[in-house]
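[1] give me a model of this one.
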Amino acid sequence: MDTPREIFDVSGPLHLLTSLDWRNTFHRRSLAASLVQGVYNLEHDRQGGSTAHHHYAPSSQWWERFHFQLNHVLVDESDLSFFGAIYELKYAHPCFYQSRPYPPRYVIAFRGTIIRFATQYEDMKLNMKCIFDKLENSPRFHTAIDALQNVVSNVGPEGVWLAGHSLGAAIAMLAGRHMAKSRCQLETYLFNPPFISVPVERLIRNETLKHGVRIAGSLMTAGIATAMKLHDKDPEEDPFNVLSEWTPYVFVNPSDPICAEYIGYFQHREMMEWMGVGKIERIATKHSIGSLVYGAMGRDSEPSHLLPTAYVTVNLSPSEKLKQAHGIHQWWQQHFQWQSKLCKFN
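    Down below sits the predicted model:
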């Protein structure tokens, strides 16, 4: 049985139905979040015991109300769950393609963790792979990147969006990074992406102490990376520099410990530049302690959650519960307060 949050006419972005403007960043974000919700509903429907097309009718409102059709469902071969979907725009007026930003021809969206019997084992296993930077080795990611590369090869990068929430945001981020390294930048929407680190932003309230901890961490990380000569790469070939040309949209809530550290991560980079020690931070920001440990063991490990450049939007409205702070629904609500900023790696 559908819960109110799964019913479009109760909880969906109804404000888009009469005024969808592809040039409006809030509208584009709301649409991307709606399509991600559609993936959640598809999996909830599957767990309801039916895979008949008519059973998707309630879920289909999350995409069909915006003139998209479900082109393909992405299935995890490990547990046969629906973890992603490829949506295709049925039509768009030709004038939309005469100036940027374009509407997408395809949107590939990924859901996050679902704590239900049919999915919780595989989803939690993938969350652990996220923590240890091993998500790239999962069948789910292989299915995702194969589907993405196939769509991009058919229509080009300008017509493809990526979107994901939580675990799905980690998959979308990793897929976007792979494409960006090939000089193929996709418009990407990352809702509550996990930041694999000690949640300093949430644990330490004293701003002076918080900055001190971050500075100490940067000095240690940069020192280890320098000793290991990890910064002696040709700038043209440095993966972090290559990725800086890609600007995903990142959406975080300061009350969500899973993603809140992105706020401090980007603020700290600005502060280090202001303090005149930006050179140290430009080395430190490319590495995590985990990647340095793997490097010391002779394994090449690139922290997949660290971003050179991003357009970061923070939800400043108070969230009383973690479920609310981490939920996908907040990202299309009109009454919330937002703060957005372009954070660029120099």
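[2] from here on, just use CA atoms for contacts and neighbour counts.
    OK.
[3] and the spatially closest residue to P101 that is not a sequence neighbour, which of the three is it?
    Distances taken as CA to CA, 6 or more residues apart in numbering place R23 nearest to P101, at 6.1 Å, with adjacent residues excluded. Under DSSP: H, G, I helix; E, B strand; the rest coil, R23 falls in the coil class.
[4] what's the answer for K129, then?
    Secondary structure of K129, per three-state DSSP, is helix.
[5] what does Q324 give?
    Under three-state DSSP, the three-state class of Q324 is helix.
[6] G156 versus that one, what's the distance?
    Relative to G156, Q324 is positioned 36 Å away (criterion: CA to CA, to the nearest Å).
[7] likewise for W22?
    19 Å.
[8] quick one, which of those two is more surrounded?
    Between W22 and G156, W22 has the larger neighbour count (other CA atoms under 10 Å), namely 17 against 14.
[9] now do stretch 84-92, average pLDDT.
    What stretch 84-92 shows for mean pLDDT is 90.
[10] now stretch 288-306
    For stretch 288-306, the per-residue pLDDT averages 65.
[11] in this structure, which spans are strands?
    Assigned by DSSP state E, the strands in the chain fall at 68-75, 82-89, 106-110, 160-165, 187-191, 249-252, 310-315, 338-343.
[12] what's the angle between the first one and strand 82-89?
    Meaning strand 68-75. 150 degrees (axes from the mean of the first three to the mean of the last three CA atoms, to 10 degrees).
[13] and strand 68-75 with strand 106-110, angle?
    40 degrees.
[14] give me the pLDDT for the nearest residue to M179 once chain neighbours are set aside.
    Closest residue in space to M179, ignoring its immediate chain neighbours: Q185 at 6.4 Å, by CA to CA, 6+ apart. Turning to Q185, the model gives it a pLDDT of 94.
[15] now Q185: phi and psi?
    Main-chain dihedrals, Q185, degrees, to the nearest 10: phi -90, psi 120.
[16] got the contact list for it?
    By CA atoms under 8 Å, 6 or more residues apart in numbering, the contact set of Q185 is P157, G176, M179, E245, W246, T247.
[17] for stretch 39-49, buried residues please.
    For stretch 39-49, burial by neighbour count (16 or more other CA atoms under 10 Å) applies to V39, Y40, N41, L42, E43, H44, D45, R46, Q47.
[18] relative to R205, how far out is the closest residue to the fifth one other than its chain neighbours?
    With sequence-adjacent residues excluded and distances taken as CA to CA, 6+ apart, E43 is closest to F82, at 5.1 Å. Spatial separation of F82 from R205 under the definition CA to CA is 39 Å.
[19] same question, F191
    Taking CA to CA, one finds F191 at 24 Å from R205.
[20] if you count surrounding residues, which of those two has more?
    Between F191 and R205, F191 has the larger neighbour count (other CA under 10 Å), namely 32 against 10.
[21] how close does that one get to P318?
    17 Å.
[22] for S304, same thing?
    29 Å.
[23] of the two, give the one with the bigger neighbour count.
    Each of S304 and P318 has its neighbours counted (other CA under 10 Å); S304 has more, 24 against 13.
[24] just give the number of residues close to the nearest residue to the more buried one once chain neighbours are set aside.
    For S304, ignoring the flanking residues on the chain, the nearest one in space by CA to CA, 6+ apart is L174 at 6.3 Å. The number of residues packed near L174 is 20, by other CA under 10 Å.
[25] tell me who's in contact with L174.
    By CA under 8 Å, 6+ apart, the neighbours of L174 are E136, S304, H305.
[26] backbone dihedrals for the last one, both of them.
    This points to H305. phi -90, psi -10.
[27] measure how buried it is and give me the count.
    Neighbourhood size, H305 [other CA under 10 Å]: 19.
[28] from memory it sits against F195, does it?
    Yes - in this structure, H305 is within contact of F195 by CA atoms under 8 Å, at 6.0 Å.
[29] ok so, going back, adding distance to A222, write the strands of the chain out as a markdown table.
    Listed next are these as a markdown table, based on distance: least, CA to CA, whole Å:
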| stretch | distance to A222 |
| --- | --- |
| strand 68-75 | 40 |
| strand 82-89 | 37 |
| strand 106-110 | 34 |
| strand 160-165 | 31 |
| strand 187-191 | 28 |
| strand 249-252 | 25 |
| strand 310-315 | 22 |
| strand 338-343 | 20 |
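[30] quick one: closest of the ones you listed to A118.
    Among the strands of the chain, the nearest to A118 by CA to CA is strand 82-89 (10.8 Å).
[31] give the partner strands of the closest one in its sheet and their orientations.
    Here strand 82-89 is paired, per DSSP bridges, with strand 68-75 (antiparallel), strand 106-110 (antiparallel).
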